[in-house]
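Engineer: Return atomic coordinates for the entry below.
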Amino acid sequence: MTVNGERSRYFGPDGIAVNFAGGSDSTNLQSDMFWQSVKDSGLFQRETSAPAPVGPLPQVRQIYQGFADGYNAYLASGSLHDPTCAGQPWVRLITMEDLFLRMAQIVTTPSSGALISDEAAAAPPGPQSVGPQSVGSQSATTPPDPAALAALREDGKSSTARRWSSPRSSRRPGRWPRASSPTRRRPTRSPRGTRT
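Structural biologist: Residues are numbered from 1 along each chain as shown. This is a model prediction of the structure:
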């Protein structure tokens with residue numbers, strides 16, 4: 001549902017689409033806007049219509065099609081009993097396009113995936129509204145209003161920054177990168193190069 005731009009439809013526009021791997025998050029609406037723009041760009045059609053090696057190799061197509069066929073067969077078998085997903089409208093058969101978009105999501109996670117909320121908040125130069133504040137038109141020679149910039153910075157702080165500044169007990173266990181344990185002994189090298 002994420003790569004099809006349908007998070008708001010099922011979970012509301014203000015819900016959070018957390019990107020654990022990229023260490024960022026956005027609202028469902030921001031995520032939907034980003035992924036709808038990817039779909040509208042024609043990425044899937046362009047990439048899959050190109051001959052290999054620009055487009056997928058035949059073996060890659062077979063793997064994707066096999067995965068989709070297996071997943072769809074599992075759903076059709078009625079074996080899905082997890083109450084979180086069973087019978088939910090967002091659980092549906094998948095297509096090759098879904099899988100290619102999922103791969104696009106994986107490869108963009110450490111790069112543009114972290115900028116989804118920024119892309120959704122982007123506005124052309126001139127009068128613009130950012131949240132409840134309004135920033136007036138600025139010319140190239142007019143310096144920006146420091147108070148407006150401070151408000152933008154405050155509004156632009158992601159919940160990721162707030163999450164990292166929160167006490168560890170409020171974080172979801174097992175989901176966050178962990179700092180090295182101060183009690184864990186790291187191997188050191190002796191003068192002769194052997195580990196101690």
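Engineer: CA only for contacts and neighbour counts going forward, please
Structural biologist: Noted.
Engineer: Report the buried residues of the helix or strand hosting residue 35.
Structural biologist: Using DSSP states H and E, residue 35 maps to helix 28-40. Under the neighbour-count criterion of 16 or more other C-alpha atoms under 10 Å, helix 28-40 has 28-36, 38-39 buried.
Engineer: Format those as TSV; extra columns: pLDDT and distance to residue 2.
Structural biologist: What follows is the buried residues of helix 28-40, written out as TSV (pLDDT from 0 to 100; distance: C-alpha to C-alpha, whole Å):
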residue	pLDDT	distance to residue 2
28	90	8
29	92	10
30	90	11
31	89	7
32	92	7
33	91	10
34	89	10
35	90	7
36	92	10
38	90	12
39	92	12
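Engineer: ok, back up a step: please name every helix or strand in contact with the helix or strand just after the helix holding residue 35.
Structural biologist: Downstream of helix 28-40, the next assigned helix or strand under DSSP H and E is helix 43-49. Identification of packing neighbours for helix 43-49 by 3 or more C-alpha pairs under 8 Å, 6 or more residues apart in numbering; DSSP states H and E yields helix 96-108.
Engineer: Not counting the helix it packs on itself, show me its contacts.
Structural biologist: For helix 96-108, the surrounding residues in contact (C-alpha atoms under 8 Å, 6 or more residues apart in numbering) are 3-4, 44, 64-65, 68, 113.
Engineer: With stretch 8-15 instead?
Structural biologist: Applying C-alpha under 8 Å, 6+ apart, the set of residues contacting stretch 8-15 from outside is 7, 27-29, 32, 90.
Engineer: repeat that with 6 Å
Structural biologist: By C-alpha atoms under 6 Å, 6 or more residues apart in numbering, the surrounding residues in contact with stretch 8-15 are 27-29.
Engineer: Perfect, that will be all.
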